[in-house]
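Engineer: Sequence plus predicted model, see below.
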Number of protein chains: 2
Amino acid sequence: MTLMNILASRSSRMKASEIRELLKLLDQPDIISFAGGIPDASLFPAEAIAGAYQAVLSGGEAGAALQYQVSEGYAPLRHWLASEMGKLGVACDEGNIFITSGSQQALDYLGKLFLSPGDTALVTWPTYLGALQAFNAYEPRYDRLTLDGGNMTPDAYRAAAAAPSAASKEGGRVKFAYLVPDFANPTGNTLNRQQREAVLDLAGELDIAVIEDAAYRALRYDGEPVPPILALDCARSGGIDKARTLYCGSFSKILSPGMRVGWVCAPRHVVEKLVLMKQASDLHSPSVNQMVMHRVAETVFDGQVDSLIGAYRQRRDALIAALDAHMPQGVTWSRPEGGMFVWVTLPEGADAAALLARSVAEARVAFVPGSAFFADGTGRNTLRLSFTLANRRAVEEGVPRLAALLRG
Amino acid sequence: MTLMNILASRSSRMKASEIRELLKLLDQPDIISFAGGIPDASLFPAEAIAGAYQAVLSGGEAGAALQYQVSEGYAPLRHWLASEMGKLGVACDEGNIFITSGSQQALDYLGKLFLSPGDTALVTWPTYLGALQAFNAYEPRYDRLTLDGGNMTPDAYRAAAAAPSAASKEGGRVKFAYLVPDFANPTGNTLNRQQREAVLDLAGELDIAVIEDAAYRALRYDGEPVPPILALDCARSGGIDKARTLYCGSFSKILSPGMRVGWVCAPRHVVEKLVLMKQASDLHSPSVNQMVMHRVAETVFDGQVDSLIGAYRQRRDALIAALDAHMPQGVTWSRPEGGMFVWVTLPEGADAAALLARSVAEARVAFVPGSAFFADGTGRNTLRLSFTLANRRAVEEGVPRLAALLRG
């Protein structure tokens, strides 16, 4: 017997990513990989984290660390995060902070909270693949969020959303715009202040939410920080509880992804809904990890950011220098001010997926073809390089080999 | 502005549980509470857990413990669980094991996998409140699963399911039966082998899944263990990959709920779907907690079960003895062979919610009124008592006070 014939309709959109499946095959020692997209584990503050687990579990807090907890999260961690958000221009208190199991869970919950089948989510072309996967479970349509003023007016978005869709048999409506404004995955691009204000203008005209994915925000290597969209929103709307922006933060890129601790900073009425959702879906994020993250964040967060910036800036510079030195004419790439990724555009008509197959077979170099990041599957001539795991040898050997293949 | 007018339709079924809200107010030192439903934190193997965190985070595994991980879970833990399931009569390998963030997440994922709006879930009357909350997000209808042979034939279930529902505007279909076969929350009841076979018969005739919530299974204080429904299913269907039963296990009641580690044991094709769902919803359960749970489970699981059985059996016996000694005629209660709960039935027409208000005000004794556990809100004359946190004084003072109130 099989249970596959009684699945919910949403499950038809839960598919194995071809990219992830392909990349699984590439975990071989002689492959130089720019595919990863994960932080360098050797830079984690492992000693501080081990010490914090020891302190939490050997003292009077041990019982609480191992016991059930409230769904909204560990109060001292929420308090610390509220104060950090304050430094970014978002005046709030712990009632505006909701602890998640990594920011991926925030995306899942926000999709679940807003999207009925056939509703429209606005996303950039390209956007974070994991956001598309999280939202897909709620059967939305996607429309293209343009950041350059763009060709889409609120009326055009509304009209497109109102057209009947296959999923719902009736038109849905636009529910939110999702974006990664700082050093985006996959492009590395950062929105300037004017672009952030324009997103808020559009959201106001459409009366929708803005999901601000700030996973990489702390990793800025050059230039001046731009205020979070949520901070700009608070300034114009009169405070966080009147804002429409939902800020998703994460400790994964700075302290440890394996502990799975992230947060949402949002109006109180949204936090209250998320708390109910969490109670029903996994009760709460692990108590002990939240208590440890609070201790570690209080003591080493800022120093850890500085040390990662030093290490990753060097790797970014080396990758960009190698691209500058070796890539043939007609190939272009982003010059990110932070984050983990460089985005490469091949000449029109090139196929990065086909290139990957050849690159692995002939050059032993891996990357992520870009089309997976486009909701409509376009962008076949783009690819993503991650520099967080790229040491000097990898860059000095890998980029020339890839470039030689492209000159081909 | 408010975002509350653009929520998905499913969010209307995410409501604060009145019971939980009420119980929050009762966290006062002079209240004797049988309401909890949580394990006794003083019995957790805190030293073994602290030692395992230290070992995992100070050795060569630290990088892996703090890094991203595969969505299916930590392979050695899956391997250990497959072997434990083998001891219960379920021959399987780690491809049949999926790690969740507690068994609440398993219920959420299985609801998400099977339920389209308007589909029917069969649940016992009463059933675990958290299961109803998890499934509610997917907008099902509920029908009553009877365990005594019952008055519902497969045809009757099919006819009820096919009737139009408010949620879907068309009839859905029955997707699964959910039950807690061992020392159920809230009743404490255990299904005998014949009842388990009858559930499988019904599921076969309806061609639906069976969700077996085994959260309390290891906590048996008297009598002989009954095979899991999944073991009976494997025996009749010819092996786990042909089975229709999805077994949800948890470390929460034995080792620690605060670490949030549970598992699903299921046919491989179901596990593969759950892995995709997890990748999209929170990537993976915390790496470090899974590695620690594996070490702790390997070394102290069996001893910990024995010591909990000793402690909780005594508390159950004391509670039952006090009920026997003090409760007035017309009040009846379950005599569970294990688990955490005794289920009390008041005379027809009594209202346990009203009783709770009086009990807290006049007797300073708390419990959970039973109607929250009924999908149709009936069962107003029932209530749940948990004995896991009930020390001798609590039982000797609390039960007589509650009984006096009932004698009125």
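Structural biologist: On my side now, so go ahead. Numbering: from 1, shown residues only, chains lettered A, B, ... in the order given.
Engineer: Please count neighbours and contacts with C-alpha atoms only from this point.
Structural biologist: Fine.
Engineer: Would stretch A:156-174 count as contacting chain B?
Structural biologist: No: on the criterion CA under 8 Å from any CA of the partner chain, stretch A:156-174 is out of touch with chain B, staying 8.7 Å away.
Engineer: Can you give me the buried ones in that stretch?
Structural biologist: Buried positions in stretch A:156-174, judged by neighbour count with 16 or more other CA atoms under 10 Å in any protein chain shown: A:Tyr157, A:Arg158, A:Ala160, A:Ala161, A:Ala162, A:Ser165, A:Ala167, A:Gly171, A:Gly172, A:Arg173, A:Val174.
Engineer: Surely A:Ser287 touches A:Ala64?
Structural biologist: Yes: using CA atoms under 8 Å, A:Ser287 is in contact with A:Ala64, at 7.4 Å.
Engineer: Looking at these two, which is more packed in?
Structural biologist: A:Ser287 (23 against 17; other CA atoms under 10 Å in any protein chain shown).
Engineer: quick one, helices of the stretch 101-250 of chain A?
Structural biologist: A:102-114, A:129-136, A:154-162, A:193-206, A:229-237 (DSSP state H, counting those that start in this stretch).
Engineer: is the longest helix along chain A anywhere near chain B?
Structural biologist: Longest helix in chain A by number of residues (criterion: DSSP state H): helix A:287-326. Yes: judged by CA under 8 Å from any CA, helix A:287-326 comes into contact with chain B through A:Ser287, A:Val288, A:Asn289.
Engineer: Reformat those residues as a markdown table; add pLDDT.
Structural biologist: A markdown table is the format used below for these (pLDDT from 0 to 100):
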| residue | pLDDT |
| --- | --- |
| A:Ser287 | 97 |
| A:Val288 | 98 |
| A:Asn289 | 98 |
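Engineer: From A:Asn189, how far out is A:Met152?
Structural biologist: 20 Å (CA to CA, to the nearest Å).
Engineer: swap in A:Leu200?
Structural biologist: 18 Å.
Engineer: Looking at these two, which has the bigger crowd around it?
Structural biologist: A:Leu200 (24 against 21).
Engineer: doesn't A:Ala235 make contact with the more buried one?
Structural biologist: No: between A:Leu200 and A:Ala235 there is no contact under CA under 8 Å: 11.4 Å.
Engineer: How many residues are close by A:Gln329?
Structural biologist: Neighbours of A:Gln329 (other CA under 10 Å): 10.
Engineer: Does A:Leu346 touch A:Thr332 like I think?
Structural biologist: Yes: at 6.7 Å, A:Leu346 counts as touching A:Thr332 under the criterion of CA under 8 Å.
Engineer: Comparing those two, which shows the higher neighbour count?
Structural biologist: Using other CA under 10 Å as the criterion, A:Leu346 and A:Thr332 rank with A:Leu346 on top: 21 against 16.
Engineer: show me the contacts for that one.
Structural biologist: Contact partners of A:Leu346, counting by CA atoms under 8 Å, 6 or more residues apart in numbering or on different chains, are A:Gly330, A:Val331, A:Thr332, A:Ala352, A:Asn381, A:Thr382.
Engineer: Name only those of those that count as buried.
Structural biologist: A:Val331, A:Thr332, A:Ala352, A:Asn381, A:Thr382.
Engineer: what about the last one, distance to chain B?
Structural biologist: This points to A:Thr382. A:Thr382 sits 23 Å away from chain B, taking CA to the nearest CA, to the nearest Å as the criterion.
Engineer: so what's that residue up against?
Structural biologist: A:Trp343, A:Val344, A:Thr345, A:Leu346, A:Asp351, A:Ala352, A:Pro369, A:Gly370, A:Ser371.
Engineer: Show me which of the residues you listed are buried.
Structural biologist: Buried among the contacts of A:Thr382 (16+ other CA under 10 Å): A:Trp343, A:Val344, A:Thr345, A:Leu346, A:Asp351, A:Ala352, A:Pro369, A:Gly370, A:Ser371.
Engineer: which of those residues sit farthest apart?
Structural biologist: A:Trp343 and A:Asp351 (14.6 Å; CA to CA).
Engineer: okay, and for the stretch 251-400 of chain A, where does confidence drop off?
Structural biologist: Filtered on pLDDT under 70, the stretch 251-400 of chain A yields no residues whatsoever.
Engineer: Name the residues of it found near chain B, please.
Structural biologist: Residues of the stretch 251-400 of chain A lying close to chain B by CA under 8 Å from any CA are A:256-260, A:269-270, A:273, A:276-277, A:280-283, A:285-289.
Engineer: Please indicate which of those are buried?
Structural biologist: The buried subset of those (16+ other CA under 10 Å) comprises A:256-260, A:270, A:273, A:276-277, A:280-283, A:285-289.
Engineer: Just the ones in helices from those residues, please.
Structural biologist: Among those, the subset assigned to helices under DSSP H consists of A:Val270, A:Lys273, A:Leu276, A:Met277, A:Ala280, A:Ser281, A:Ser287, A:Val288, A:Asn289.
Engineer: does the fifth one really touch B:Gly102, like I thought?
Structural biologist: Right, the one you point to is A:Ala280. No: applying CA under 8 Å as the test, A:Ala280 and B:Gly102 come out as separate, 11.7 Å apart.
Engineer: Show me the contacts of A:Leu346 that map onto strands.
Structural biologist: Residues of the contacts of A:Leu346 located in strands (DSSP state E): A:Thr332, A:Thr382.
Engineer: would JSON lines of the contacts of A:Leu346 with distance to A:Cys265 be doable?
Structural biologist: Converted to JSON lines, these look like this (distance: CA to CA, whole Å):
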{"residue": "A:Gly330", "distance to A:Cys265": "42"}
{"residue": "A:Val331", "distance to A:Cys265": "39"}
{"residue": "A:Thr332", "distance to A:Cys265": "36"}
{"residue": "A:Ala352", "distance to A:Cys265": "37"}
{"residue": "A:Asn381", "distance to A:Cys265": "36"}
{"residue": "A:Thr382", "distance to A:Cys265": "33"}
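Engineer: Show me where the stretch 51-200 of chain A has its strands.
Structural biologist: A:97-100, A:120-123, A:141-144, A:174-179 (DSSP state E, counting those that start in this stretch).
Engineer: Output those strands in JSON lines; the columns should cover mean pLDDT.
Structural biologist: Compiled in JSON lines, those are given as follows (pLDDT from 0 to 100):
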{"stretch": "strand A:97-100", "mean pLDDT": "98"}
{"stretch": "strand A:120-123", "mean pLDDT": "96"}
{"stretch": "strand A:141-144", "mean pLDDT": "95"}
{"stretch": "strand A:174-179", "mean pLDDT": "97"}
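Engineer: possible to save those as a markdown table with distance to B:Val56?
Structural biologist: Formatted as a markdown table, the strands of the stretch 51-200 of chain A follow (distance: least, CA to CA, whole Å):
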| stretch | distance to B:Val56 |
| --- | --- |
| strand A:97-100 | 24 |
| strand A:120-123 | 40 |
| strand A:141-144 | 43 |
| strand A:174-179 | 36 |
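Engineer: Out of these, which is the most enclosed?
Structural biologist: Neighbour counts (mean count of other CA atoms under 10 Å in any protein chain shown) averaged over each of the strands of the stretch 51-200 of chain A peak at strand A:97-100, with a mean of 29.
Engineer: how distant is it from the center of its chain?
Structural biologist: Relative to its chain's centre, strand A:97-100 lies at 16 Å (CA atoms, centre = their mean, to the nearest Å).
Engineer: Could you do stretch A:37-49 as well?
Structural biologist: 18 Å.
Engineer: quick one: average pLDDT of it?
Structural biologist: The average pLDDT for stretch A:37-49 rounds to 95.
Engineer: Not counting its own residues, what contacts that stretch?
Structural biologist: Residues contacting stretch A:37-49 (CA under 8 Å, 6+ apart): A:253-256, A:292-293, A:296, A:300, A:304, A:308, A:340-341, A:386, A:388-389, B:57-58, B:62-64, B:66-68.
Engineer: distance between the ends of it?
Structural biologist: 22 Å.
Engineer: ditto for stretch A:340-351
Structural biologist: Start-to-end span of stretch A:340-351 (CA to CA) is 23 Å.
Engineer: Adding secondary structure, write the buried ones among the contacts of A:Thr382 out as a markdown table.
Structural biologist: Formatted as a markdown table, the buried ones among the contacts of A:Thr382 follow (DSSP: H, G, I helix; E, B strand; the rest coil):
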| residue | secondary structure |
| --- | --- |
| A:Trp343 | strand |
| A:Val344 | strand |
| A:Thr345 | strand |
| A:Leu346 | coil |
| A:Asp351 | coil |
| A:Ala352 | helix |
| A:Pro369 | strand |
| A:Gly370 | helix |
| A:Ser371 | helix |
